[in-house]
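Colleague: Curious how this folds, go ahead:
(2 chains)
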Amino acid sequence: MNTPIKTRFAPSPTGYLHIGGARTALFNWLFARRHGGIFLLRIEDTDQIRSTEESTQAILDAMTWLGLTWDEGPFFQAERVGIHRQMVEKLVDEGKAYWCTCTQDELEAKRKTALAEGRKPKYDGTCRERHLSPTPGAVVRFRCPDGGTTRMQDLIKGNILFQNEELDDLIIQRADGYPTYNFAVVIDDAQMGITHVIRGDDHVNNTPRQILLYEALGFPVPFFAHVPMILGSDKARLSKRHGATSVMAYRDMGYLPEALVNYLVRLGWSHGDQEIFTGDELTSLFDLDAVGKSPAVFNPEKLLWLNQHYIRSYPADRLMEALQPLWPAASEPSQEALVRGVARDLQSRSRTLLELIDGAAFYFADEVAYDPKAAEKFLTQVSAVLLEAVLEGLPHLMDYSKEGIEAFLRALAESRQAKLKDIAQPLRVALTGKTVSPGIDEVMVTLGRERTLDRISRALSFLRSTSSA
RNA sequence: GGUCCCAUCGUCUAGUGGUUAGGACGCUGGCCUCUCACGCCGGAAGCCGGGGUUCAACUCCCCGUGGGACUACCA
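Modeller: This next block holds a predicted model:
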């Protein structure tokens, strides 16, 4: 029996969950789901200065919003320093690590001269054979092999070979007694039974040191899979200056989690020509062998397209739920019927929830604000006749529904030797103030007969007041 | 500078020695139509360059070039 697969997402709580981290988490989550494994969450908070609880909460919230539920954790790395220190001690006892009292200033100076002389800026091994005892302010370094090679088997990039002489004696425990990333990550991943380490390829160069650490500690080395970076439009690593990078910012801008997940998964992974995936499809189709090796540029336009797609696909109740946090009117019980109608009208023509909300303003206006150009073109003497006819006929319409209204308008137009559009556009301006809106029959249904009539008579008086001037 | 990674339309990608190089976003012509959106039909747009290997290279190898990452007592 094979041991079950276990993956993890291990963010550091020094900010919000960003797009790149979300994709890494998503790949880990999908890989675990796909293979019936376990997905674990670990917060890497050993940087006591930069880590905050707010960040931890923000990351948890974002993952929950995306639906990336974890099976174990969250574990907090800082709570495990006792274990980390034991391991440090063990390595020191075994002669695989040593105390070092070189100061940061000395190191910096040596780095500079080495660079200036064209040498590698690696640690020169000053304390390597001094067999120092623990002293306050001292750090512990791992004794790297002087020669040989370390092979990394990467599930995405293939085999990568590193010369050990390129690696230097990295610090595994800081002066403050906390472990450094490369050390803590190895111990935690090993002890938590992580079988597949899926992470950004900015970690590729860390991996050989980590493998050496696994071996020194006597732990089995896991599989690695390094996912290419997400870049901005200028092909530099995606950052704030490329626009929003926070997952939660996308929620606040009216994006749906399904859209973001679908977009992110296709950034680097593919399944033939398929673009749209349900959650079930993803968890049954996703695998590492279909993840590409090259970095991908984040394309907001395509995300928008997907978001539109998912907005259209939402059932009414789900749409209302998604709308509520962004739209006060959606939480107002007295408005519910109207809001539902509005959402239904706008659902198929909004790329984001915010677009939908913006487009909804005219439904709620006490007095429709006419776009000057629209009014000039459509609120004319000619159309006044048609609008008056609607005003007269509408109260007697038996079937006040989308179908009934359309039939009514068509018949009315025909009786006047006019086209439907001759009446639809003036009506649209009268009811919405604009030349672009949902179908005029839909608008009339949602507005209700009363409001519709009011707006028509108001448009008529507006029309008379301007044309008589 | 050193180490490592990467390279198909503007962008995301399919492609695994023989294809008219396919799809999607965006752009664009048209149809549908009460406007918009959707949908449908069509178009422009790509294998970074040079050497090999081979009967045959987008595909395999090498060298360039370009881009990216790492090079911390951050993760």
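Colleague: Report all helices and strands that the helix of greatest length in chain A contacts.
Modeller: Longest helix of chain A, by residue count under DSSP state H: helix A:449-468. Contacts defined by 3 or more Cβ pairs under 8 Å, 6 or more residues apart in numbering; DSSP states H and E place helix A:449-468 against helix A:381-393, helix A:420-432. The way it works is simple: take the backbone N, C-alpha and C, and place the C-beta from them, glycine included.
Colleague: can you tell if it touches RNA strand B?
Modeller: No. Contact between helix A:449-468 and RNA strand B is absent, the nearest approach being 13.5 Å (criterion: Cβ under 7 Å from any atom of the strand).
Colleague: From the chain's centroid, how far away is that helix?
Modeller: 46 Å (Cα atoms, centre = their mean, to the nearest Å).
Colleague: What of stretch A:236-254?
Modeller: Using Cα atoms, centre = their mean, the offset of stretch A:236-254 from its chain centre is 8 Å.
Colleague: Next, the buried residues of that stretch.
Modeller: A:238, A:242, A:245, A:246, A:247, A:248, A:249, A:250, A:251, A:254 (16 or more other Cβ atoms under 10 Å).
Colleague: Next one: residue A:369 from residue A:452, what distance?
Modeller: Remark: distance between residue A:369 and residue A:452 (Cβ to Cβ, to the nearest Å) = 17 Å.
Colleague: More neighbours: which of the two?
Modeller: Using other Cβ atoms under 10 Å, the more surrounded residue of residue A:369 and residue A:452 is residue A:452, with 22 against 12.
Colleague: re the thing from before, with respect to RNA strand B, which of the buried residues of stretch A:236-254 is nearest?
Modeller: RNA strand B lies nearest to residue A:238 out of the buried residues of stretch A:236-254, by Cβ to the nearest atom of the strand, at 8.9 Å.
Colleague: can I assume that closest one is in contact with residue A:20?
Modeller: Yes. Here residue A:238 reaches residue A:20: they are 6.0 Å apart, a contact under Cβ atoms under 8 Å.
Colleague: what do these two both touch?
Modeller: Common contact partners of residue A:238 and residue A:20 (Cβ atoms under 8 Å, 6 or more residues apart in numbering): A:229, A:230, A:245.
Colleague: now those residues in CSV, with pLDDT?
Modeller: Shown next, in CSV, are the shared contacts of residue A:238 and residue A:20 (pLDDT from 0 to 100):
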residue, pLDDT
A:229, 94
A:230, 95
A:245, 88
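Colleague: returning to what we had before: the buried residues of stretch A:236-254: which ones sit near RNA strand B?
Modeller: Near RNA strand B, by the rule Cβ under 7 Å from any atom of the strand, you find none of the buried residues of stretch A:236-254.
Colleague: So what's the residue count around residue A:101?
Modeller: Neighbour tally, residue A:101, other Cβ under 10 Å: 14.
Colleague: before we move on, back to that, dump the shared contacts of residue A:238 and residue A:20 into JSON lines; add secondary structure and distance to residue A:168 as well.
Modeller: Formatted as JSON lines, the shared contacts of residue A:238 and residue A:20 follow (DSSP: H, G, I helix; E, B strand; the rest coil; distance: Cβ to Cβ, whole Å):
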{"residue": "A:229", "secondary structure": "coil", "distance to residue A:168": "25"}
{"residue": "A:230", "secondary structure": "strand", "distance to residue A:168": "30"}
{"residue": "A:245", "secondary structure": "coil", "distance to residue A:168": "32"}
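Colleague: Around RNA strand B, which positions in the stretch 1-150 of chain A sit nearby?
Modeller: Going by Cβ under 7 Å from any atom of the strand, the residues of the stretch 1-150 of chain A near RNA strand B are A:10-12, A:14, A:44, A:46-47, A:50, A:77, A:102-104, A:107, A:111, A:115, A:118, A:120-122, A:137, A:139.
Colleague: So among those, which ones count as buried?
Modeller: Judged by 16+ other Cβ under 10 Å, buried ones among these: A:10, A:11, A:12, A:44, A:46, A:47, A:77, A:102, A:107, A:111, A:122, A:139.
Colleague: which among these gets closest to residue A:188?
Modeller: Among those, residue A:77 lies closest to residue A:188 (Cβ to Cβ), at 6.2 Å.
Colleague: residues in contact with that closest one?
Modeller: By Cβ under 8 Å, 6+ apart, the neighbours of residue A:77 are A:10, A:42, A:43, A:44, A:45, A:46, A:184, A:188.
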